[in-house]
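> could you look at this predicted model? Sequence included:
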Amino acid sequence: MAGIGFELKKAFNKKGIIALLKAYGYSGLVCTGPMILGIVLLLGIRMLGIMAHATRGELGLLNAMVTYTLLFSLVMVNILAMVTTRYIADCIYMKREEDIMPSFYGSISCVLLLGCPVWGVFLHFSGVSLSERFCCYVFFGELVLVWTEINYLTAIKNYREIMKAFLVAVAASLIVGYIFGVRLHILPTTMALLASMCVGYGIMGLWYYVLLTRYFPRGRCSAMKFLRWLSVYPELGCLGICMSFGLYGHIVLMWSSPINNCVKGLFFEAPQYDVPALLSFLSILITTINFVTSVEVEFYPKYRNFFGLLNSEMTYSDIEQARIEMEQTLTRELSYTFLKQFFSTLLFIIIGTFLIPKMPMGFNDDMLGIYNVLCCAYAFYAIGNATMLIQLYFADNSGALISGAVFMFFSFGGTFATLFLDIKWYGFGFLLGSFLFAVVSLVQLKRFLAKILENVLSRQPIKNEEVDGIMSRFADKCERVYRNLYRKDILREEEE
């Protein structure tokens, strides 16, 4: 995020309205472009299905297979996402960029080893055809690759190339879907459109991989070395799981609610909840953009100055002044972010109340009520998520984990409780979890800042301590095996 903020700072320093619009457009493209283009791709594939005269059942099955694969891949990748992000940051700080690409291969291997057997068993009993199972399996592998690549691509400043890859992938997917699903009819419609998405994400994954290999040097360490960070920062792995279950769990639970619909076999959907959830989720895009442009661009220089003074021979008064400026800037920018989210949510609710029922989406009063509740829920989620990210900025991993655990427990548990109530209560479980997420993360951050010098300095170990854990021992063993196998190559490279 700091790298993104640095690039945006240069864009915002330019004068004039046009330059300002370009800066906000650039930040929006960087922060939300892939998500928006992903939604465009899903809608485009659905439109191709309609053009191919696919039945409602075929369209529902396609949507269910894509949604299931997307959510499962995101949950699996998030197990290691925050750990690998911290590992990348540490490698860059220690000027050991050559250790980054091995961790890329290692993290993908770990996720696939954990996820592929589970996903394979589910698909085997899912009730879909063998060809559809094969496409879903390939699609899962490609998504794991792309989500992992995106975590590593945050260190690359070539955002134009990143977005170009996404646009080409989306275009290729739609073209292949049109040719094989609409014009030629060589394959069944569902199979053709699912295969076209595999083609699109395959192109994206290869393009992103080329970008990574151009930027990061070839590594000289074991691919499992990064697992030591799981022992050093176990809270980050748990936090990734908590955020996944908290954010996606309410949608999955609704597939077992009284309003669910069995598409085929083990694939279910709940359109009365899924569609409002998708539309209401768009209400947090403004906060996503504003968090990067406002908090990152304005806050990061103050943050860097404060910690820079701690590492230099400066007086206490200088450090205290830097602390005050940093906290004032953080408070101001977070307040602006929350205020903009409030008006964004209000705007979505007002416009949605009048506009959405007039659109050909089959909205009824129950769906409109769920939409309004989820708009409020996602607003609190955006506030909690922004605050939790600031907690991670200060390395308050335990505080961030507490916030994430509260979010997961009450979002998942609250949604489960509403399954036994009337449809008018649907969405309130996620609202409760998001509200408590925002409150707890704000309280945790306030407590940390109240004793920031103590938290930053006094809680550090007096001397360097070796972390001993299952993952650290496994990583060390893998490192020894790697060095024994490639001893000659390592010595040659070190001599050069």
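That came in fine, so what should we check first? Residues are numbered from 1 along each chain as shown.

> longest helix in this protein, please.
helix 316-355 (DSSP state H).

> tell me what it is packed against?
For helix 316-355, the packing partners by 3 or more C-beta pairs under 8 Å, 6 or more residues apart in numbering; DSSP states H and E come out as helix 285-290, helix 297-310, helix 365-393, helix 452-453. C-beta coordinates here come from the backbone N, C-alpha and C atoms, glycine included.

> make it 6 Å
Under the contact criterion of 3 or more C-beta pairs under 6 Å, 6 or more residues apart in numbering; DSSP states H and E, helix 316-355 touches helix 285-290, helix 297-310, helix 365-393.

> spatially nearest residue to residue 279 (excluding sequence neighbours)?
In space, and not counting its chain neighbours, residue 279 is closest to residue 371: 6.1 Å by C-beta to C-beta, 6 or more residues apart in numbering.

> doesn't residue 277 make contact with the one you found?
No. Using C-beta atoms under 6 Å, residue 371 is not in contact with residue 277; the gap is 8.4 Å.

> the helices and strands packed on helix 316-355: which one's closest to residue 239?
Between residue 239 and the helices and strands packed on helix 316-355, the tightest spacing by C-beta to C-beta is seen for helix 365-393, at 8.2 Å.

> could you list the buried residues of that closest one?
366-388, 390-393 (16 or more other C-beta atoms under 10 Å).

> now do it against helix 297-310, angle only.
20 degrees (axes from the mean of the first three to the mean of the last three C-alpha atoms, to 10 degrees).

> what helices or strands is the helix or strand just after helix 365-393 leaning on?
As assigned by DSSP states H and E, the chain's next helix or strand after helix 365-393 is helix 397-418. The elements that helix 397-418 packs onto, with contact taken as 3+ C-beta pairs under 6 Å, 6+ apart, are helix 234-254, helix 365-393, helix 428-450.

> roughly how far is the helix or strand following the first one from the heart of the chain?
To tie it back to what came earlier, the one meant is helix 234-254. Using DSSP H and E, the next helix or strand after helix 234-254 towards the C-terminus is strand 261-264. How far strand 261-264 lies from its chain's middle: 28 Å, per C-alpha atoms, centre = their mean, to the nearest Å.

> strand 261-264: what's the following helix or strand?
strand 267-269.

> so what touches that following strand?
The contact list for strand 267-269, computed with C-beta atoms under 6 Å, 6 or more residues apart in numbering, reads 64, 255, 260, 261, 262, 263.

> for the second one, give me phi and psi.
Just to be clear, that refers to residue 255. Torsion angles at residue 255 (phi, psi; degrees, to the nearest 10) stand at phi -70, psi -10.

> what sits closest to it if chain neighbours are left out?
Residue 255 sits nearest to residue 268 (C-beta to C-beta, 6+ apart), 4.0 Å away.

> residues near that neighbour, how many?
Neighbourhood size, residue 268 [other C-beta atoms under 10 Å]: 18.

> quick check: bridge partners of it?
Note on residue 268: beta-bridge partners by DSSP bridges are residue 262.

> how much space between it and residue 257?
Using C-beta to C-beta, to the nearest Å, we find residue 268 at a distance of 9 Å from residue 257.

> ditto for residue 124
26 Å.

> likewise residue 297?
In terms of C-beta to C-beta, residue 297 sits 42 Å off from residue 257.

> tell me which of these two has more neighbours.
Ranked by neighbour count (other C-beta under 10 Å), residue 297 and residue 257 place residue 297 first, with 22 against 18.

> can you read off the pLDDT for that one?
The model reports residue 297 with a pLDDT of 71.

> what does the one 5 residues further on give?
Reading off the per-residue confidence, residue 302 sits at a pLDDT of 86.

> for this structure, which spans come out with low pLDDT?
Residue ranges of the chain with pLDDT under 70: 1-38, 154-159, 296, 313, 360-362, 459-467, 486-496.

> sorry, back to before: indicate which one of the helices and strands packed on helix 316-355 is closest to residue 326.
It's helix 297-310; of those, that one is closest to residue 326 (C-beta to C-beta) at 4.1 Å.
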